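*Asks:* Give me coordinates for this.
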Amino acid sequence: MTSYSAIKQAATQHPAVAPAPAPVPSVRLYVEREDRDDSWFVHVGHVTERGRWKTEPHVHPSYGQVIFVRHGRGVMNREGAQIPFEAPCALLLPPECVHGLDYELDADRWVVTIELSYLAQTNTRLPEFVQLWSQPRVIPLSYSEDGPTEFYDLIRRMEQETRSKMVGHAVGTEALLVSLMLMLVRGTRLDEINKDGATRHAIRLAERFRMLINQHYRQNLKLPDYAALMAVSATQLRSACLAATGLSPIKLIHARLIIEAKRNLIFSERSIEQIAYDLGFSDTAYFTRFFRKEVGQSPSQFRVASQAGAGKAA
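*Replies:* Now for the predicted structure:
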């Protein structure tokens, strides 16, 4: 097994030689303006458009967003896949996800922007919250007759609370955000998780593991290497991931590699061999087999399909 010091040395040295990430634009949101109070953690905005409104694929790494489409319809470009949506619905956009939005005429939407560290803290409340934010989603709000009205009411109350300077406004905002996320969970078909639930410790451990994967997925670290970095056993790490996400640590590592492979295939002109090497694969044929097993298409087939607007969703 690789020693902890060796892993730390590799992790320190790796960024200097790491290839550039796929060229996906990273945008600054209105909440990042310098004239704003930097103590915010949730922001609610209302947007109405007369005519068509479209954003090209981009990311915002420091924020998660929930967009309540009250009126209108359109298409979400989700990591290269075209996903139609129609009001009333919620669009859930995790940090780091590549997405573009194409709204049709006269869309009315409310945008809830959640700061990254606060979102991670809120997700510890419930294992299903971690699963909810594991990928971009279009969530219909028709699972109950009053669903759209209740969701709209929560967002309006949250807007008022975030603007309020009254005692306890932060606690009030948090309570409303948790209620909002609970409605989204109930409207989403999530993978089955451990029926006994997950402790907060397990959820935090799984979130730390996700963060380490994001830092080191190109290095081809093995599960014992990650466990050593986290000062836990591989068995403990596996149990925490299964309880908190419903997925094994290996599946989480593979999912991150597939996301980055898809981004490179869609947004760059690198060859399959270059992409495989950048992601830590020494053998292009093995990378192709790995990608086909996880996605159902070869890398070249996925690239052609996504360029034609028919790429498979993550």
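*Asks:* if I read this right, V69 contacts A90, doesn't it?
*Replies:* Yes - between V69 and A90 there is a contact under C-beta atoms under 8 Å: 7.3 Å. The C-beta positions use only the backbone N, C-alpha and C, and glycine is treated the same way.
*Asks:* who's more crowded, the two?
*Replies:* Comparing V69 with A90 by other C-beta atoms under 10 Å, the one with more neighbours is A90, at 27 against 22.
*Asks:* That one contacts Q65, correct?
*Replies:* No - A90 is beyond contact range of Q65, at 10.1 Å (criterion: C-beta under 8 Å).
*Asks:* S164: what's its closest spatial neighbour, skipping adjacent residues?
*Replies:* Residue nearest to S164 in three dimensions, not counting chain neighbours: G172, with 7.5 Å by C-beta to C-beta, 6 or more residues apart in numbering.
*Asks:* Which positions in the helix or strand containing that neighbour come out as buried?
*Replies:* Using DSSP states H and E, G172 falls within helix 169-186. Of all the residues in helix 169-186, those buried under the rule 16 or more other C-beta atoms under 10 Å are G172, T173, E174, L176, L177, L180, M181, L182, M183, L184, V185.
*Asks:* As a markdown table, those residues with pLDDT would be great.
*Replies:* Formatted as a markdown table, the buried residues of helix 169-186 follow (pLDDT from 0 to 100):
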| residue | pLDDT |
| --- | --- |
| G172 | 90 |
| T173 | 90 |
| E174 | 90 |
| L176 | 94 |
| L177 | 94 |
| L180 | 94 |
| M181 | 94 |
| L182 | 92 |
| M183 | 92 |
| L184 | 93 |
| V185 | 90 |
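*Asks:* how about the helix or strand hosting S306 as CSV, C-alpha atoms only?
*Replies:* Element membership for S306, per DSSP H and E: helix 299-307. Extracted in CSV, the C-alpha atoms of helix 299-307 (Å, rounded to 0.1, in the frame of the first residue of the first chain):
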residue,chain,number,x,y,z
PRO,A,299,-16.1,7.5,-26.3
SER,A,300,-16.2,8.2,-30.1
GLN,A,301,-19.8,7.3,-30.3
PHE,A,302,-20.7,9.5,-27.4
ARG,A,303,-18.8,12.4,-28.9
VAL,A,304,-20.6,12.1,-32.2
ALA,A,305,-24.0,11.7,-30.5
SER,A,306,-23.5,14.7,-28.2
GLN,A,307,-22.4,16.9,-31.1
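*Asks:* Beyond the helix holding G172, next helix or strand please.
*Replies:* helix 200-216.
*Asks:* contact partners of that following helix?
*Replies:* With contact meaning C-beta atoms under 8 Å, 6 or more residues apart in numbering, helix 200-216 is reached by 11, 14, 96, 120, 123-124, 127, 130, 198, 226, 229-230, 232, 236-237, 239-241, 243-245, 249, 252-253, 256.
*Asks:* Would you write out the PyMOL command that picks the buried residues out of those residues?
*Replies:* To isolate the buried members of the contacts of helix 200-216 in PyMOL, using 16+ other C-beta under 10 Å:
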select buried, resi 11+96+120+123+124+127+130+198+226+229+230+232+237+239+240+241+243+244+245+249+252+253+256
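*Asks:* Quick check: which ranges of the protein have low pLDDT?
*Replies:* 1-40, 50-51, 80, 190-198, 309-314 (pLDDT under 70).
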